[in-house]
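# Just the structure for this:
(chains A, B and C)
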Amino acid sequence: MSVVGTLEGASSKPSAAGSIRRRLGPRLYGVLLIAAILLFWEVSSRLGWIVSAYWPPVTKILWAAISQLGGGDILVSLAATLRRALTGYAIGSVLGIALGILLGKSKVLRIALLPLIEIVRPIPTPAVIPPLILFLGVDDALKIFAISLATFFPVFTNTFAGVATVDDTLIQTARTFRTSWARTLLRVVLPATLPAIAAGLRTATSLALVVAVVSEMVAGSSGIGYYLVEMQYALRPDLMYAAVMYLAITGYAVNRLFLVLEARLIPWMGKT
Amino acid sequence: MSERLGFDHVTKIFEAPGSDTGFVAFDDITLEASPSEFLAIVGPSGCGKSTLLKMAAGLMPPTRGRVLLDGKPVFDPPPGVVYLFQQYAKSLFAWRTVIDNVMFPLEAAPRSQRNELREKCRDYLKQVGLSGFEDSYPWQLSGGMQQRVAIARALAADPQVLLLDEPFSAVDALTRMELQSLVLQLWERRKFTAILVTHDVEEAIFLADRVAVLGAKPTALKEIIDVGLPRPRDQLTTREDPRFLKLRHHLTSLLLARNPAHVAAV
Amino acid sequence: MRKAFMIGLAVLGFFVLSPQRATAADLEKLRVSIIPINDVAPLFVAIQNGYFRDLGLEIDTTPSAGGAAGIPGLIGGSFDIVYGNVVSVLLASQQGLDVKVIAPGTKVSARDTDTTPILVRSDSGIKNGKDLEGKSISVNTRNNVIWLYARAWIKATGGDPDKVTFKEIPFPQVEDALRQGRVDASFLVAPFSIVSRQKPGLTAIANPYSDIQLGVDVGQYITTGKLLSAKPETIKKFVAGLRKGVEWFNANPSSDALLTMISGYTKTDASILKSIALPAMPLHTDLPQVKKTMELMIENKLLPGPLDLSKIIDPIAL
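Next up, the predicted model:
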């Protein structure tokens, strides 16, 4: 992007239209590609190139998506999913950061807890949802637990690794100012680890959303995951794809929001 | 008991894996600095000078012997002893503004005093020539300015003893001279004990009252030299003083002597 | 840090320990796990017509797509009653789980209302189990009722089920898989079996339930033995309400009121539902039929030996 900017600056006073074309240039091709794919989709469905109950024309999906804006199950389902994802994400993040820092700094805790964490970590969260139903039921407790679990690992791993890379000079600086252990953790180790934590948190956002949807698909009666399956069984692929579309928009928006917050709240990221 | 900080027969042995004896960093060092003295310790790179300072700061215990502050053994970082690191960039808090970095040592104080202390910190920043940079972040400043922030922060901790661990070695020559003069100025005004570790002989002579020379492994104290140059010192006149040059000659040859190859070359 | 940690623990604790749902009305509440398909229509009839309310019950249905959460949720205490299939129930019982059949759900009572065929591509030439050897067939879940009767049909039509590859494909994806040749045959339920034949290219070659065991009790309402002995009256009321629903259903087959209602909970278009012949619903569990299913399970090594059905099927269901 910055290269494009330089080239623009170098060209001598381009016309207004030319400038727009130049600015859009690289993106224009991307947009065109997406448009071409959608057009192909539309035509293939309308002309029956692909015979399937699950291949509705794009326009039908768009229409379904738009009609949902006036109040419909998708937005309600999406809200339920986001509420779960956010709750689980918050719990998983807090635990991940707290344990990441504590284990990073305490050898006793490391010896006690790290083996357990390392054993549980490779288990894909969706795989543990069915057996967990026995203990946690099929409601929010199960889903939020699964989301917390999925969130916990990237946050914990990044935090833990981040703590290890905090420069000893920083810790010694705090010590020479006679800063207490707890205060050093909170005021020195935590902020010094924040860039690493933020990376973990960002990875975890998409995971939280995915696990929220998957858990609703397995054991759902509400939320966008359940809605997806329900629409499949109800032979309403237009609504199903509309829900997928809303989900994609949500995921994209969350990621953008995260990047903006990151730049604003952790300006020292990548510095020093 | 006249000395402020003393090393009393200090030996430091680092445990080396696979060796019973370990690596002896230095052996049986006895050295003291009196209040308001500027003591320099010179030695070749890698002789364990920084280790000596870290023990003085209570960051590391000696294997044998004692480190004494006002006659009392030092275990943990004692109050009033402030350490100025060579790697200023790594000792500053990147997530804090300049003024908040300087505030760090004062944050244990009650909330009611915060505003007053903040004003004080502004003054420290003024003393190191950083007025107007209060709200910048350290990583937005040059290396020399970053070390000034660290110095202002050291002042905020109200040091009785300031330990300077090659604090000017990572900046360019001109900035180094400016920072040396700044530290001298502050030392003369505040009258703390300053202990400087450096491999730069000229810097040691220029700043210190006495220069302790370390040499040969395991490192032992070779000689302590009284500088005796008049104060206030000046980057131009002091460095041109024949006594300065004579001291430089003496100290340099002392340091080079530890390596026979260099003697042969001279 | 510690504070944040404690808050995190407290929040987690809150969600883990908080009650599933608060009871407001003085009606006794039963939580029923269902699969949103035609099979549970009598239950919804009974709810909508107020049969349960008249008996002092409030039925809270929790749809579970595909039904995977049903029995684990029942054992875990999330549900009081679960709609499940006969094979799942017998398997659960065999595994020592405390399940009891309290009412029948669905029954394949007549060939002309059997909407669960085996479909193949019309040009495939596959006609029987023998033709399927070396080929593949899709079922929704392995070791389940669909799987069991697919195997039985293959065997009955001259094939060796062990020479046929069974693929797990969820019902909604079956049509695409079949048409694209990713599977050679599929055992499919309504409405998918109906909708997928509305476009040319797919043919039904058999109705395994009708062919193998006409009258098979496929679906069952189950609860735990614990709940049954703790609240026998409540369960009795549930079964009574459900039976009234079944009677209404059987008296009003294919009525607009029924189709609108089914469309309401399945979200399927009423026009699609119209094309499906709805079978009559059973009032009582047919013990000999369950026994036949059990024997098939033994034959296909789903069960090591016979179970004491009188301990699994409560008299209330008969």
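
# And for A:Ser45, nearest residue in space, chain neighbours not counted?
Leaving aside its chain neighbours, A:Ser45 sits nearest to A:Pro57 (4.3 Å; criterion: CB to CB, 6 or more residues apart in numbering or on different chains). C-beta: built from backbone N, CA, C; applies to glycine.

# And C:Thr293, by the same measure?
C:Thr293 sits nearest to C:Val86 (CB to CB, 6+ apart), 5.3 Å away.

# For that neighbour, give its distance to chain B.
63 Å (CB to the nearest CB, to the nearest Å).

# Quick check on the residue nearest to A:Ser45: phi, psi?
Main-chain torsions, A:Pro57, degrees, to the nearest 10: phi -60, psi 150.

# count of residues packed around the residue nearest to C:Thr293?
27 (other CB atoms under 10 Å in any protein chain shown).

# unless I'm mixing things up, it is touching C:Leu296, no?
No: the pair C:Val86 and C:Leu296 fails to qualify as a contact (CB atoms under 8 Å) at a distance of 10.3 Å.

# quick one: the strands in the stretch 1-150 of chain B?
Secondary structure of the stretch 1-150 of chain B (DSSP state E, counting those that start in this stretch): strands at B:5-14, B:23-33, B:38-42, B:64-69, B:72-73, B:81-84.

# Residues touching the first one, excluding its own?
It refers to strand B:5-14. With contact meaning CB atoms under 8 Å, 6 or more residues apart in numbering or on different chains, strand B:5-14 is reached by B:21-33, B:48, B:51-52, B:55-56, B:60, B:62-69, B:81, B:161, B:193, B:195.

# buried ones in it?
B:Leu5, B:Gly6, B:Phe7, B:Asp8, B:Val10, B:Thr11, B:Lys12, B:Ile13 (16 or more other CB atoms under 10 Å in any protein chain shown).

# Stretch A:107-122 near chain C at all?
No: residues of stretch A:107-122 are not located near chain C by CB under 8 Å from any CB of the partner chain, the shortest gap being 11.6 Å.

# which residue packs closest to the residue most central in space within chain B, ignoring adjacent ones?
What sits nearest the mean C-alpha location of chain B, by CA atoms, centre = their mean, is B:Leu164, with 1.3 Å. Residue nearest to B:Leu164 in three dimensions, not counting chain neighbours: B:Leu196, with 4.3 Å by CB to CB, 6+ apart.

# cool, B:Ala204 as well?
In this structure, B:Ala204 finds its nearest non-sequential neighbour in B:Ala40, 3.7 Å apart by CB to CB, 6+ apart.

# Name the residues of chain B found near chain A, please.
So chain B meets chain A at B:54, B:57-59, B:76-77, B:79, B:81-83, B:85, B:87, B:89-91, B:93-95, B:104-105, B:107-108, B:137-139, B:157 (CB under 8 Å from any CB).

# correct me, but C:Val32 touches C:Thr62?
Yes: with contact defined as CB under 8 Å, C:Val32 reaches C:Thr62; the gap is 7.0 Å.

# tell me, what's touching these two both at once?
With CB under 8 Å, 6+ apart, C:Val32 and C:Thr62 have common neighbours C:Phe79.

# Go through chain A and flag its longest helix.
helix A:73-105 (DSSP state H).

# now check that one, is it near chain B?
No: using CB under 8 Å from any CB, helix A:73-105 stays clear of chain B, coming no nearer than 15.1 Å.

# so where is the stretch 101-250 of chain B shaky, pLDDT-wise?
By pLDDT under 70, the low-scoring segments of the stretch 101-250 of chain B are B:216-218.

# Could I get the full set of helices for it?
B:114-127, B:143-156, B:173-190, B:201-207, B:237-240, B:242-257 (DSSP state H, counting those that start in this stretch).

# if I read this right, B:Pro78 contacts B:Leu59, doesn't it?
No: counting by CB under 8 Å, B:Pro78 sits too far from B:Leu59 to count as a contact (10.9 Å).

# which residues touch the residue nearest to the centre of chain B?
B:Leu84, B:Val183, B:Ala194, B:Ile195, B:Leu196, B:Val197, B:Thr198.

# Now do the contacts for the fourth one.
If a contact means CB under 8 Å, 6+ apart, then B:Ile195 has B:Leu5, B:Ala33, B:Leu39, B:Ala40, B:Ile41, B:Leu53, B:Ala56, B:Val161, B:Leu162, B:Leu163, B:Leu164 as its contacts.

# Show the model's pLDDT score for C:Trp147.
What the model reports for C:Trp147 is a pLDDT of 92.

# For it, give me the backbone phi and psi.
phi -60, psi -40.

# What about it, how many residues nearby?
There are 21 residues near C:Trp147, going by other CB under 10 Å.

# and it, how far is that from C:Val120?
From C:Trp147 across to C:Val120, the span is 17 Å (CB to CB, to the nearest Å).

# for C:Gly77, same thing?
43 Å.

# Comparing the two, which shows the higher neighbour count?
Applying other CB under 10 Å to C:Gly77 and C:Val120 shows that C:Val120 carries more neighbours, namely 24 against 15.

# got a list of what the more buried one touches?
C:Ile126, C:Leu178, C:Asp184, C:Ala185, C:Ser186, C:Leu202, C:Thr203, C:Ile205.

# Which of those fall within strands?
If you go by DSSP state E, the contacts of C:Val120 have C:Ala185, C:Ser186, C:Leu202, C:Thr203, C:Ile205 in strands.

# next structured bit after the lengthiest helix in chain C?
Criterion DSSP H: the longest helix present in chain C is helix C:232-251. Going down the chain from helix C:232-251, the next helix or strand is helix C:256-266, by DSSP states H and E.

# Quick check: mean pLDDT of stretch A:28-44?
Stretch A:28-44 comes out at a mean pLDDT of 88.

# Before we move on, what's the pLDDT of whatever residue of the stretch 201-318 of chain C ends up closest to chain B?
Relative to chain B, the nearest point of the stretch 201-318 of chain C is C:Lys267 (51.0 Å; CB to the nearest CB). Per-residue confidence (pLDDT) for C:Lys267: 82.

# and the residue nearest to it when sequence neighbours are not counted, how many neighbours?
Nearest residue to C:Lys267, sequence neighbours excluded (CB to CB, 6+ apart): A:Ala234, at 3.7 Å. A:Ala234: 23 surrounding residues under other CB under 10 Å.

# Please report the distance of A:Ala234 from C:Phe192.
11 Å.

# C:Thr165: neighbour count?
For C:Thr165, using other CB under 10 Å, the count is 14.

# Select from the ones in strands among the contacts of C:Val120 the one having the most neighbours.
That'd be C:Ser186 among these, by other CB under 10 Å, with 28 neighbours.
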